[in-house]
Every structure is written in structure tokens, then in C-alpha cells.
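1. what shape does this take:
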Amino acid sequence: MESGKIDPEIIRFAILGFSSIAALTDLLWGKIYNIFIAAMILSGMGVIYWLGGVPQVIQGFLGFGLALLLYGWMFAKDIMGGGDVKFLMALGIWGGPRYIFEVALLAVLIGGVFAVLMLLFKGRLRSFVQRIYYSAVTLVAKELKFEVPHLDRKMTLPFGVPLALAAVLTAFVSPLGGLFR
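-> Predicted coordinates:
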């Protein structure tokens, strides 16, 4: 969100509202709905055009594209759900590429912390670390065939929650120090 070009308060509170809804639906129903994403994108295009004109719309589309580039491959590899990727893309319309880069990085960090805490509380952290270690050993040892660590699909994390938290934190306090502004 480029200061001086648009009123950042409108954008911040829109991000807060949209992020709250996305986190809630991901927690309750395990998905972020396409109709919600479409509304977020369309309203974002209208608001950023109204506030910043064509240059801000270009920034929005750059943020949209960067989000697809950063997280789209994870959907293609079945690491992340499509709703999470589309939510980041919609945030890109509202915040632009610098904002999205910071949100994407912070969301992975927050998601990692959530995942470690979840594994710890479920008593599975040790076995997870062992699987990762064994996989790393098979990667570097020439005499062993590489083995991908098997993930327990029952231990999935609704990534919309850390993504929404990262979006709000970046919009309001920029915890990474505005590295990408």
C-alpha cells in the first residue's frame, strides 16, 4: 500500500474485514468461498480505482500476479488449498506487490509456528522431526534412495488463518519492518 497515493485507512480496514471473514470460514468450514473472493476482488478494483486511479489498479494487478506466482505452485503441488491462493491474490488487488510479498513471507512464518505448536500439543513433534531428518539424510547420502517425508493429512492446518493474520498485521503494524515498501 503506497502511502500518499491512496487513503491507507480505507484499505487497512477493508483488509481487516475481509481477513476476518476468510479466517472464520476457513476455521468453520475448511474453505474460503469463491463468491467471497470474487466480491473481494471486484470491490478492491473499484475502491483502488476510485482512490488511486489507473496507476493504483496496475499496482493491484501486479500484487494479484505476484500472489499467484508466490503461492500458485503450492496449490499445483497439492501443498496448499486453492482458496488460500485466491485469498492472497485478492489481497494483492487491495495492497499491491510490496504488501503481498511481505504478507506471503509473514504468513509462512506464522503458519510454521502454528504447525509446530499443533504438532507439539498433539504429541507428534518428535516423530515429525525424525521423518524430516530421515528424509534429509536420504537426500544427501548417495547410497540411500531419497525418501519424501509422508505427511499426515489429518493434521492439516487451515492456512487461511495465518494468512489472514499476516495480512492484518502487515497492513497495520508491518512486523517485518516494511522491508518491501
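2. mind giving me the packing neighbours of the helix or strand hosting residue 70?
-> Element membership for residue 70 (DSSP states H and E) is helix 34-76. Secondary-structure packing of helix 34-76 (3 or more C-beta pairs under 8 Å, 6 or more residues apart in numbering; DSSP states H and E): helix 8-29, helix 82-121. Heads up, the C-betas are built off the backbone N, CA and C, glycines and all.
3. which one of the ones you listed lies nearest to residue 132?
-> Closest to residue 132 of these is helix 82-121 (C-beta to C-beta; 11.0 Å).
4. next, the buried residues of that closest one.
-> Within helix 82-121, the residues that count as buried by 16 or more other C-beta atoms under 10 Å are 83-108, 110-111, 114-115, 119.
5. tell me the angle of the helix or strand of the chain with the lowest mean pLDDT relative to helix 82-121?
-> None of the helices or strands of the chain scores lower by mean pLDDT, DSSP states H and E than helix 125-140, at a mean of 83. In terms of direction (axes from the mean of the first three to the mean of the last three C-alpha atoms, to 10 degrees), helix 125-140 departs from helix 82-121 by 110 degrees.
6. next helix or strand past helix 125-140?
-> helix 160-172.
7. which residues sit against that next one?
-> 1, 11-12, 15-16, 18-20, 22-23, 25-27, 32, 83-84, 87-88, 91, 95, 99, 102-104, 106-107, 109-111, 114, 175-176 (C-beta atoms under 8 Å, 6 or more residues apart in numbering).
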